[in-house]
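[1] Quick one, structure for this:
(2 chains)
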Protein chains: 2
Amino acid sequence: MKCKNLTYEKIDITDGFWKERQDLVREVTVWNVYKRFKETGRFDAFKLNWKEGEPNRPHIFWDSDVAKWIEGVAYLTAKKREPELEAIVDEVVDDIERGRAEDGYFNSYYLQIEPQNRFTVRDRHELYCLGHLIEAAIAYDKATQKGKLLSLVKDYVTLVKRVFMEENAAAFEAPGHEEIELALVKLYDYTGDRQYLELAAHFVNRRGQKGKPNQGWAQCNRGYEQDHLPVREQPEAIGHAVRAVYLYCAMADLAQRLEDDALKAAAERLYRNIIEKKMYITGAIGSTRRYEVVKAPDEPTVSYFGEAFEEEYELPNDSSYAETCAALGLALFSRRMQLLSPADASYADTVERVLYNGFLSGMSLDGKAFFYVNSQEIDLEARRRMRKFGRSERHYPTERVEIFNCSCCPPNVVRFIPSVAEFLYHYDENTIYVNQYMQSDADFGATKLEQSTRYPYDGAVSLKLTGESKTLAVRIPAWCKSFAFRHNGKPVTLPCVKGYASIPMRDGDVLELDLAMLPRRIYANPNIRANRGKVALTYGPFVFCMEGVDNGERLGEVRLTDGDVQVGFDPTLGLPVLFCPAVRETATELYTDTLTQTPFTAKLIPSFAFANRGESDMRIWHEKV
Amino acid sequence: MKCKNLTYEKIDITDGFWKERQDLVREVTVWNVYKRFKETGRFDAFKLNWKEGEPNRPHIFWDSDVAKWIEGVAYLTAKKREPELEAIVDEVVDDIERGRAEDGYFNSYYLQIEPQNRFTVRDRHELYCLGHLIEAAIAYDKATQKGKLLSLVKDYVTLVKRVFMEENAAAFEAPGHEEIELALVKLYDYTGDRQYLELAAHFVNRRGQKGKPNQGWAQCNRGYEQDHLPVREQPEAIGHAVRAVYLYCAMADLAQRLEDDALKAAAERLYRNIIEKKMYITGAIGSTRRYEVVKAPDEPTVSYFGEAFEEEYELPNDSSYAETCAALGLALFSRRMQLLSPADASYADTVERVLYNGFLSGMSLDGKAFFYVNSQEIDLEARRRMRKFGRSERHYPTERVEIFNCSCCPPNVVRFIPSVAEFLYHYDENTIYVNQYMQSDADFGATKLEQSTRYPYDGAVSLKLTGESKTLAVRIPAWCKSFAFRHNGKPVTLPCVKGYASIPMRDGDVLELDLAMLPRRIYANPNIRANRGKVALTYGPFVFCMEGVDNGERLGEVRLTDGDVQVGFDPTLGLPVLFCPAVRETATELYTDTLTQTPFTAKLIPSFAFANRGESDMRIWHEKV
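    Take a look at the predicted model:
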């Protein structure tokens, strides 16, 4: 048996940190995103009755926004039916059925605005939209057994297969924005129909072959779309970060299902490149607000705003992009890589880094508002100077908003949090790998596993196995330097190999794990220019940040000093906080031999929770005195 | 009597640091620049016989390159005749006389390439070229009494006055690249003819009035050319840095000569803006390699490579522009500001900062090669990553070259160093202000002043006055925290007011000054994001840097630690060096709680001398441990 993830429907998260967030999505987020999408025409677009001159002109990627929302609704309804939400979904499905072309094609933008131009422009997101419709259809079918959307989507896929694989009749060979590839693998997994796997492999393999002329809007050169080299030869993660990790997901999926070692090696190389050279400490990726394209040696370098991977180690805090969807995509990619190396917990470490930091910062604590760009530093004074200088402040967000023009991130949160349990376990015949800690009940068939924990509020975890015996391989997080096990109440010493401590468990066995959670000072590799000489604080899985609202603004003046870091709890945020000795340094001249120093105790909060109390300075990395 | 500078021809630099450099320019640099200009067609262009298809197509600013070179030759020949160089100049002058248009117009590009288009494009540097021809003509006339070039230039100025001031017949009202304004003031000073002052004032006053449509190549919006607001209303130094400071020079000149307080206030405001918010520690200015223009709220931000002022406090080390000409221009501007506030030594402090650092780094120690862009940091590993990423390395220079396509800086060095004595003194009826320290003899008419010093190698200065009594106001450099005077051998205590210590001196009096020269740790204002938590070392007027060639490459790994800094001397460089306790930090992971630390003693050299021993890492600002 190949290693598998235990999928979300087999796991109930019953309490704690993630249960709170799942409830929030069910009660607030899914509705709030719906309302914003409704009022901006994203749902009505499916009715295909928009007329020139009316507001809310359909947009090329609106179908994907709604599809991701449907997928989220499906995950919610799988746990507890949501008739009102289902009614909305069913109306969309009916709209698709009524509006689709005879050959199965459906895209609310193309059908209304330029029906003659389907499959002519690579960067117009048609296959990306279909990919998300596939994922939505699978989830909705699984949750409700209403097969209509899945059936419609299969018809559309049949058309796509004919156009792209059989007739090679489109103006491009592989989509400009990857997504359909991983969705097709899911469709194969769900249906067992191998043609979907073949189509996924086709799209992945055509990438970088340059079989048709490059095209697209100015910014989308081949590198930006991972179309510069055949995927097995790509040495470095480059281009649009979301596109990249969605592609890499499909590469890992295909490598496992087709036992393709070259593809596995490429996926591993790209994963390592990200983790070792291109990832923020928060797990955010796609560091640049700017993406430069050298068109030709003698032409000027053209630069665009980003969403893209930067040069290696180029991880600026003050001009980060760090899209929510990209962080989420890295978690998806890491989970797939995990299956290729089941006994190496480092992939789950990456997932944890993303979950509690770079992904989670994408949503406000009240569940209503979102970051597309997740600032890794906010300097309001520098922003004011930028404004004074007449420079664009685009992509320098200081507060979350409820919707964006390009609103891919909010519905991605809506589908991600309800299915977050998929990151908990992978397993084979003999072993259950425990990757994340959440209070939950999991059903492995003949074996059940109950997790009791307050994690991440503390490091105590109790695992109770019932039913068929299994070996448990329990991840010791990379941040944890001291841990202890008790097996049925008795202390046991379990060696930790590649991050997993293993023990055979029988029916009724209880394994208790105590992960010592202490504040840590973390330093960046000196190759990261932005963080040289700086320190960040972590506690458990959280990377901490300092905010002006707690410490006074102008945080650029603050340096952390040596000394004990104290742990506290902020009841308003409902989160752990850290207190660290610090000093505020000021100067009147531009260069001086004497900085005025004012000592104080700095308060830091989990970085994902920044910008929930108004506009404020924020820093994750701090200079030392 | 208004305060005046003592001009270079009244001062002989007789030995020491600057004499060595003046000799180098006379023996090596002036010839080397000539050869590069000759072989690239810059001299032949004056013959106006270039034909389409031939190499070395004339360029719009070549006349200015040669004019600055002529000006340098004039300064050299004023001290010691240089018949060979003069012969070259005289040939150019004859070429101009022979080739100029009937109405006095001369521009080797326009006359050959598009004679019908003169004065139609603001950014084509015609008036800039004329400005440099004016400066050259004055210097050459003064040095040789050969009046021909001056006469030709006056004819051209007469034409310009008619076209721009009387007929308003050009397509623009003020030049795209300032320079003619300050040159016209010089011409007024030299000839006493007030029409030149009026024309200078006209150009300065028309700036920002928007009387004619904006034009020019894409990057040159009005702000880039200081044409966004009337000069008296400009709040902040913006745009192309060389253009800016050349304009500001003229503003200061006019403010003094016309007693225009509004203009003085504007010049002071712009000067303060630079000194307090927009200057590198080396005195380099124009920090950005990128200049962004927001064309319209909905249009994409367009960015270009720089030469421009950035936002306040935006002084990146790793992507500095810092053009040699801009630093030189800041020295010229500061000297003019000094005359508006004669008793404030801070302007001379700025001059010193520029002279020994940001300007001087523009030329190699052997006098043959130049930086246009003066890197404030070199990270070869980052540069390799940049190359690997396919990004343009333009404007990331690691070594000086003998000539550039746009070769404004080399001849600017050729004219600047031979006339550097102009920064030594300003004076009025009663007082001689001693601003810089160089072994020299100065002639103030009835008073002579002899400086004996090894400065900047040590801080001992002896000033001997002969002839008519004067008060000496002696600058105590801002970097000097301890000093002692002896008057005719006896210790005296002189209070220091705004940087000047004053004492009446009579015929034969000797004033000895001892400036304590100690290594200093300097910190940047925390508003400068690039330098937060960092330290720089200085010694005397020199800002020091660390080079890989002395300390091993990968200097991004190096942090300075506390402890005594020792002074040494490098006989190969012929310069003082500093030894500072340091540590090299390395990591294998991207983020870690343990950096490997290897202590060592770092060697630092004066920053102007960097990149004279091959390609190497270089850092001025160092993180602390």
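[2] can you map out the strands along the stretch 201-350 of chain A?
    A:288-294, A:301-308 (DSSP state E, counting those that start in this stretch).
[3] could you give the mean pLDDT of the longest one?
    Confidence for strand A:301-308, expressed as mean pLDDT, is 63.
[4] Was I right to think A:Ile238 contacts A:Phe309?
    Yes. Counting by CB atoms under 8 Å, A:Ile238 does reach A:Phe309; the two are 5.1 Å apart. Glycine gets a C-beta too; all of them are placed from N, C-alpha and C.
[5] Smallest gap between the stretch 51-200 of chain A and chain B, at which residue?
    Going by CB to the nearest CB, chain B is nearest to A:Arg57 of the stretch 51-200 of chain A, at 15.4 Å.
[6] Distance of that residue relative to A:Arg42?
    11 Å (CB to CB, to the nearest Å).
[7] do the same with A:Ser407
    8 Å.
[8] Same question for A:Ile522.
    41 Å.
[9] got it, and A:Ala171?
    27 Å.
[10] out of A:Ile238 and A:Phe309, which sits in the busier spot?
    A:Phe309 (31 against 24; other CB atoms under 10 Å in any protein chain shown).
[11] surely the more buried one meets A:Arg243?
    No. Shown here, A:Phe309 and A:Arg243 do not form a contact pair, counting by CB under 8 Å, at 10.2 Å.
[12] contacting residues for A:Leu328?
    A:Val354, A:Phe359, A:Gly362, A:Asn412, A:Val413, A:Phe416 (CB atoms under 8 Å, 6 or more residues apart in numbering or on different chains).
[13] from these, which single one is nearest B:Arg475?
    The nearest member of those to B:Arg475, counting by CB to CB, is A:Gly362 at 57.3 Å.
[14] number of nearby residues for the closest one?
    Neighbour number of A:Gly362 under other CB under 10 Å is 27.
[15] same check, this time on A:Asp366
    A:Asp366 has 12 neighbouring residues, counting by other CB under 10 Å.
[16] Quick one, grab the pLDDT at the nearest residue to it once chain neighbours are set aside.
    Once flanking residues are discounted, A:Asp366 sits nearest to A:Val28: 6.9 Å by CB to CB, 6 or more residues apart in numbering or on different chains. The score at A:Val28 is 98. That number is its pLDDT.
[17] quick check, A:Val28 in a helix?
    Yes. Under DSSP: H, G, I helix; E, B strand; the rest coil, A:Val28 sits within a helix.
[18] list the contacts for it?
    Neighbours of A:Val28 in contact, by CB under 8 Å, 6+ apart: A:Asp366, A:Gly367, A:Lys368.
[19] ok, now A:Phe485?
    A:Val474, A:Pro491, A:Val492, A:Thr493, A:Leu494, A:Ala501, A:Ile503, A:Leu511, A:Glu512, A:Leu513, A:Asp514.
[20] Output the residues you listed in JSON lines, with neighbour count appended to each entry.
    Converted to JSON lines, those look like this (neighbours: other CB atoms under 10 Å in any protein chain shown):
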{"residue": "A:Val474", "neighbour count": "24"}
{"residue": "A:Pro491", "neighbour count": "9"}
{"residue": "A:Val492", "neighbour count": "13"}
{"residue": "A:Thr493", "neighbour count": "7"}
{"residue": "A:Leu494", "neighbour count": "19"}
{"residue": "A:Ala501", "neighbour count": "21"}
{"residue": "A:Ile503", "neighbour count": "15"}
{"residue": "A:Leu511", "neighbour count": "22"}
{"residue": "A:Glu512", "neighbour count": "19"}
{"residue": "A:Leu513", "neighbour count": "24"}
{"residue": "A:Asp514", "neighbour count": "16"}
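[21] Sort out which of the residues you listed are in strands and list them.
    Those of the contacts of A:Phe485 mapping onto strands are A:Val474, A:Pro491, A:Val492, A:Ala501, A:Ile503, A:Leu511, A:Glu512, A:Leu513, A:Asp514, per DSSP state E.
[22] Report whether the expected contact of the fourth one with A:Cys480 is present.
    No. Contact between A:Ala501 and A:Cys480 fails when scored by CB under 8 Å: they sit 10.8 Å apart.
[23] chain center to stretch A:254-268: distance?
    22 Å (CA atoms, centre = their mean, to the nearest Å).
[24] Buried residues, it. List them.
    Residues of stretch A:254-268 classed as buried: A:Leu254, A:Ala255, A:Gln256, A:Arg257, A:Asp260, A:Leu263, A:Lys264, A:Ala266, A:Ala267, A:Glu268 (neighbour count, 16 or more other CB atoms under 10 Å in any protein chain shown).
[25] Next: stretch A:30-37.
    A:Val30, A:Trp31, A:Asn32, A:Val33, A:Tyr34, A:Arg36, A:Phe37.
[26] can you tell me which of those residues lies nearest to chain B?
    For the buried residues of stretch A:30-37, the nearest to chain B is A:Arg36 (21.9 Å; CB to the nearest CB).
[27] That closest one contacts A:Asn405, doesn't it?
    No. Counting by CB under 8 Å, A:Arg36 sits too far from A:Asn405 to count as a contact (11.4 Å).
[28] which residue does the stretch 451-600 of chain A bring closest to chain B?
    For the stretch 451-600 of chain A, CB to the nearest CB, closest residue to chain B: A:Gly533, 2.7 Å.
[29] pLDDT value on the nearest residue to that residue once chain neighbours are set aside, please?
    Leaving out its chain neighbours, the residue that sits closest to A:Gly533 by CB to CB, 6+ apart is B:Glu623, at 2.7 Å. B:Glu623 carries a pLDDT score of 95 in this model.
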